[in-house]
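1. Turn this into a model:
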Amino acid sequence: MAGRVRRKQGLAEAERRAVTETALPDRCALCDRPLGRRVEWHHVVPRSEGGRDTVPLHPICHRAIHAAADNGALARAGTLEAIRDWPAIARFLGWIADKPPDFHAPTRRRVA
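-> Below you'll find the model as predicted:
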């Protein structure tokens, strides 16, 4: 049992090293502003809908996407380009464009 635990820990350390050695992207996939200290990874197509690919986002951009739509709508959109055309996201992108990378503000939920 102890050997099994060590092997799992070794894999986790190797994966962590690979992530830190790989250069992180420098721009948000939604708003295209430089990324700040905090980066969140967003599944373009939600995992619950079979998605695997992730993109880096500012935390506020990530929250704006999930405030604008549920997982079904995100899966139907399928791409960030389609999501950018949504009125709520287009309005958000115009508002966030001149904010600093680590800007944070409360995110309003969509009205159902």
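2. SS state for the residue positioned nearest the centre of the chain?
-> In the chain, the centroid-proximal residue (C-alpha atoms, centre = their mean) is residue 42; its distance is 2.8 Å. Put simply, residue 42 is strand when judged by DSSP: H, G, I helix; E, B strand; the rest coil.
3. Before we move on, what's the pLDDT of it?
-> We note a pLDDT of 92 for residue 42 in this prediction.
4. try the one 4 residues further on
-> At residue 46, the predicted lDDT confidence score is 90.
5. That one contacts residue 76, doesn't it?
-> No. With contact defined as C-beta atoms under 8 Å, residue 46 does not reach residue 76; the gap is 10.7 Å. Every residue, glycine included, has its C-beta placed from N, CA and C.
6. what ranges do the strands span in the chain?
-> Per DSSP state E, the chain carries strands over the ranges 40-43, 54-57.
7. what's the burial count for the closest residue to residue 34 other than its chain neighbours?
-> By the measure of C-beta to C-beta, 6 or more residues apart in numbering, the closest residue to residue 34 outside its immediate chain neighbours is residue 101, 5.0 Å from it. Other residues near residue 101 number 16, with proximity taken as other C-beta atoms under 10 Å.
8. any idea how far residue 28 is from residue 96?
-> For residue 96, the distance to residue 28 equals 9 Å [C-beta to C-beta, to the nearest Å].
9. the more surrounded of these two?
-> Neighbours around residue 96 and residue 28, counted as other C-beta under 10 Å, are more numerous at residue 28. The numbers are 23 against 18.
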